[in-house]
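**Student:** Quick one, structure for this:
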Amino acid sequence: MEKNIESSELEKGKTHIIVEIIEYMANAVVSKTIIKKTTGNVTISSFDAGEELDEKISPFDTYIQIIDGTAEITINDKVFKLKLGEGIVIPAHAKHHFNANEQFKMISTVIKSGYEDL
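**Tutor:** Predicted coordinates:
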């Protein structure tokens, strides 16, 4: 699996079509940062069919919204299949991973707060 990350933010005050910001790349997961701040970030990613990201745990809640295709997301060993327009909150400290049975694009929003929930 190839992973390609672009770190430049989108131009502020300019409209865009979110699903067109990032393209699919053969045999790869591609990510582009939309906003990156110390308090959180918003990232858009595309997954080619057959790609996946390794299981990980984040110390923060993460909101995932599917903007193209269908994604398979496993959170604490429970599998969710999300379609276009659907979203889910991955709780802080939950083990999770993504699997692309088909191509999909998603927006990931991380809010870096909630230490009181530890």
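
**Student:** Downstream of the longest strand along the chain, the next helix or strand is which one?
**Tutor:** Across the chain, the strand with the greatest residue count (assigned by DSSP state E) is strand 28-37. With elements assigned by DSSP states H and E, the helix or strand that comes after strand 28-37 is strand 40-47.

**Student:** what's the helix or strand for L53?
**Tutor:** Counting by DSSP H and E, L53 is found in strand 52-57.

**Student:** In its sheet, which strands sit next to whichever helix or strand comes after that strand, and in what direction?
**Tutor:** Downstream of strand 52-57, the next assigned helix or strand under DSSP H and E is strand 62-69. Strand 62-69 has its sheet partners listed here by DSSP bridges as strand 87-90 (antiparallel), strand 104-111 (antiparallel).

**Student:** Most tightly packed of these?
**Tutor:** strand 104-111 (a mean of 20; mean count of other CB atoms under 10 Å). No exception for glycine: its C-beta is placed from N, CA and C like everyone else's.

**Student:** Can you name the residues in contact with that strand?
**Tutor:** 18-19, 22, 24, 34, 39-47, 58, 60-71, 98 (CB atoms under 8 Å, 6 or more residues apart in numbering).

**Student:** which among the residues you listed end up buried?
**Tutor:** 22, 24, 34, 41-47, 58, 60-62, 64-69, 71, 98 (16 or more other CB atoms under 10 Å).

**Student:** ok so, going back, which helices and strands sit right next to the longest strand of the chain?
**Tutor:** Using 3 or more CB pairs under 8 Å, 6 or more residues apart in numbering; DSSP states H and E, the elements in contact with strand 28-37 are strand 2-6, strand 40-47.

**Student:** The longest one - what's its average pLDDT?
**Tutor:** To tie it back to what came earlier, the one meant is strand 40-47. On average, the pLDDT along strand 40-47 is 94.

**Student:** ok, and what's touching that strand?
**Tutor:** 18, 21-25, 29-35, 60, 67-68, 71, 98, 100, 103-113.

**Student:** List the strands paired with it, with their directions.
**Tutor:** In the sheet, strand 40-47 lines up with strand 28-37 (antiparallel), strand 104-111 (antiparallel) (DSSP bridges).
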